[in-house]
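Novice: coords please:
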Amino acid sequence: MKAYKLCAVNNLQYQEVKYPDCPKGWSIVKVKAAGICSSDIPRIFTKGTYHFPTIPGHEFSGRVEAVPDAENQRLVGKKVSVFPLIPCRKCDQCKTGHYEMCENYDYIGSRRNGAFAEYVAVPVWNLVELDEGVDFEEAAMMEPLAVALHAIKQSGLKEGDSFAVVGTGMIAFAAAQWAKRKGASSVTIFGRSETKRELAERIGDVEYRIAVANAEEFDVVLEAVGSPVAIEQSIKYTKAGGTLVLMGNPSGNIEMKQDVYWRILRKQLKLIGTWNSSYESNKDCDWAEVKEALENKQIQAKTLISHTYTADRLEDGLELMRSHQEPYCKVMTVWGND
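Specialist: Just a heads-up that it's a prediction; the model follows:
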């Protein structure tokens, strides 16, 4: 089968690789669509991953090609998305069902081979079955959509609250959609420039503004960049007694000015961290809510796709994101016809 194998930092090779093994309790998924995550850029080009070689790609969908277990044969041919985190099931967090905080997790696309490939091995527990009415590109967006939903639920956003997100990545735009669905009285997206305005306006009924030193304050603010500047802005934009959710994944150390730190104290802000998304096979969780929203056309997932490439042009999508050649939101790759 063909796959993109990361052999070393900045050494991604599209080549024939061995078909994945499929032990008991696992499945083989034929990949139909795979999104490129912003985390894939440093993983491939600058920081590397946990071991080499590794096939990246953790946002994906496809059809179940094979399962070795007789009791799971009904899954063959099913349209699926995949929760990429494989929990240890032994740590304290796993024992309470908080798998997103597992202390010893495995992860498809970074710690083990992922979906920038024709086929990928996936535990049956991690498969999310979907109606045929959800297309593969939408299904491949379940992971970032669930991450965005998790952040909104962590915030405790109530109907009538004003909401703002600092950042213009796909998850920031998805969070704006979820905030609208949860009843926010207003939704504002703060960006660094005009380049993302058109993408933001696809969502509808949101305000796009250029981030400035001082702006009106909001009940709930989501920081979705992970930079000192964005965190400082987010603190300033949060009302006294309000909630600031930190979601942006920093690329380096975060330092804070004394007067910015004082604002947290004096405004008595509630700071909340958010990480990944909640998942439990066949039970209520973030992924179940995303599945319902997609199947009932309650969220505009496809409006967030700005670029689509065939599998053999995946590297063009990576280069677009690395060099910021033009504004983008979600960059998607498609892997053959259904």
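Novice: could you list every residue that touches the closest residue to A215 other than its chain neighbours?
Specialist: In space, and not counting its chain neighbours, A215 is closest to Y237: 5.7 Å by C-beta to C-beta, 6 or more residues apart in numbering. All C-beta atoms are positioned from the backbone trio N, CA, C, and that covers glycine. Listed by C-beta atoms under 8 Å, 6 or more residues apart in numbering, the contact partners of Y237 are 164, 166, 190, 215-218, 221.
Novice: which of the residues you listed lies closest to V76?
Specialist: Nearest to V76 among the contacts of Y237: V166, at 44.4 Å, using C-beta to C-beta.
Novice: Which among the contacts of Y237 count as buried?
Specialist: Neighbour-count burial (16 or more other C-beta atoms under 10 Å) is assigned, among the contacts of Y237, to 164, 166, 190, 218, 221.
Novice: Save those residues as a markdown table, and put in pLDDT, secondary structure and distance to N282 too.
Specialist: Shown next, in a markdown table, are the buried ones among the contacts of Y237 (pLDDT from 0 to 100; DSSP: H, G, I helix; E, B strand; the rest coil; distance: C-beta to C-beta, whole Å):
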| residue | pLDDT | secondary structure | distance to N282 |
| --- | --- | --- | --- |
| A164 | 98 | strand | 35 |
| V166 | 97 | strand | 36 |
| F190 | 96 | strand | 38 |
| F218 | 98 | strand | 36 |
| V221 | 98 | strand | 34 |
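Novice: a markdown table for the residues you listed, including distance to V260?
Specialist: Below are the buried ones among the contacts of Y237 laid out as a markdown table (distance: C-beta to C-beta, whole Å):
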| residue | distance to V260 |
| --- | --- |
| A164 | 17 |
| V166 | 14 |
| F190 | 16 |
| F218 | 17 |
| V221 | 14 |
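Novice: Of those residues, which is the nearest to A117?
Specialist: V166 (34.8 Å).
Novice: Could you pull up the residues touching the closest one?
Specialist: Applying C-beta under 8 Å, 6+ apart, the residues near V166 are 172, 190, 211, 221-225, 230, 233-234, 237.
Novice: Distance check, it against K153.
Specialist: 19 Å (C-beta to C-beta, to the nearest Å).
Novice: now G57
Specialist: Counting by C-beta to C-beta, the gap from G57 to K153 is 26 Å.
Novice: quick one, which of those two is more surrounded?
Specialist: G57 (28 against 17; other C-beta atoms under 10 Å).
Novice: Just confirm that one contacts D40, I think it does.
Specialist: Yes. Contact status for G57 versus D40: in contact at 7.3 Å, counting by C-beta atoms under 8 Å.
Novice: How about the secondary structure of the residue nearest the centre of the chain?
Specialist: Relative to the mean C-alpha position of the chain, the nearest C-alpha, by C-alpha atoms, centre = their mean, is the one of P144, at 2.3 Å. At P144 the chain is in helix, as set by DSSP: H, G, I helix; E, B strand; the rest coil.
Novice: residue contacts, it?
Specialist: 35, 37, 59, 170-171, 174, 330.
Novice: Now L199: closest residue in space that isn't a chain neighbour?
Specialist: Distances taken as C-beta to C-beta, 6+ apart place C329 nearest to L199, at 5.0 Å, with adjacent residues excluded.
Novice: looking at it, the one you found is touching K302, isn't it?
Specialist: No. At 10.8 Å, C329 and K302 do not qualify as touching, with contact defined as C-beta under 8 Å.
Novice: Pick out whichever of these two has more residues nearby.
Specialist: Remark: of C329 and K302, C329 carries more neighbours, 21 against 13, as counted by other C-beta under 10 Å.
Novice: Now do the same for that one: its pLDDT.
Specialist: Note for C329: predicted pLDDT of 95.
Novice: Distance of it relative to L320?
Specialist: Distance from C329 to L320, by C-beta to C-beta: 11 Å.
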